[in-house]
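**Q** Build me a structure from this.
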Amino acid sequence: MKIKFPLVVVFTMATISSFATFASNTAGGEEQWQIVEENQTATPAASKPAQSSQKSNQSRSSSRSSGGNSGFKIGMGLDQGLSIVGQINNTVNFAVGNDGVAADYIFSRGQFGGDVPFSWFAGVGGQIQRSDKFGPRVALGVELPFARSWDAYAQLTPNLMFDNSDLKLGIGAGIGVRYSF
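**A** Residues are numbered from 1 along each chain as shown. A predicted model of the protein is given here:
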């Protein structure tokens, strides 16, 4: 059975889009936890000041950040072959590898909510590969901070490649580990 490649790309993008929409709809809810010792009653959540929930959200988001203050991350990965990968100011991902170069502007980010340690991102960019191939691409992926100043990522990159006078639709993938300075 031969499946048409454009259908696979459309299905993949629709699935990721649905997942991102679901995540953004569920991530907005506030979690409210209270420790109640024996022989005490719980105080209603409405009596807590709004600042404490904002502080807890800030501390939760800062605990998920991968550290570093300069906004520059660099590491190794597989994107354009074996690549040096990086990120600038949490908005531009790039890869320079054996098979070419790529850069993506990240226009949207979000959390899956709850205790899920992953965050998602979506971006647009382009790539230039050896042998005169070039074209635009979309980056859809997840990031996981796993240690102080370290994060890992995985992404799918549907793309259009111009090769001489041909136009080819394709999909790529990338994984990598980065250190934040």
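**Q** ok, now which ones touch Met161?
**A** Met161 makes contact with Gln129, Lys133, Phe134, Gly135, Leu167, Lys168, Leu169, Gly170, according to CB atoms under 8 Å, 6 or more residues apart in numbering. (Glycine included, C-beta is placed from N, CA and C.)
**Q** Looks like the third one contacts Ile128 (just checking).
**A** Yes. At 4.5 Å, Phe134 counts as touching Ile128 under the criterion of CB atoms under 8 Å.
**Q** how close does Ala139 sit to Ala122?
**A** 7 Å (CB to CB, to the nearest Å).
**Q** Over to Phe72?
**A** Note on Phe72: its distance to Ala122, by CB to CB, is 21 Å.
**Q** Dump the contacts of Met161 into JSON lines; add secondary structure, pLDDT and distance to Gly81 as well.
**A** Shown next, in JSON lines, are the contacts of Met161 (DSSP: H, G, I helix; E, B strand; the rest coil; pLDDT from 0 to 100; distance: CB to CB, whole Å):
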{"residue": "Gln129", "secondary structure": "strand", "pLDDT": "90", "distance to Gly81": "9"}
{"residue": "Lys133", "secondary structure": "strand", "pLDDT": "89", "distance to Gly81": "13"}
{"residue": "Phe134", "secondary structure": "strand", "pLDDT": "93", "distance to Gly81": "16"}
{"residue": "Gly135", "secondary structure": "strand", "pLDDT": "94", "distance to Gly81": "17"}
{"residue": "Leu167", "secondary structure": "strand", "pLDDT": "91", "distance to Gly81": "23"}
{"residue": "Lys168", "secondary structure": "strand", "pLDDT": "90", "distance to Gly81": "18"}
{"residue": "Leu169", "secondary structure": "strand", "pLDDT": "93", "distance to Gly81": "21"}
{"residue": "Gly170", "secondary structure": "strand", "pLDDT": "92", "distance to Gly81": "15"}
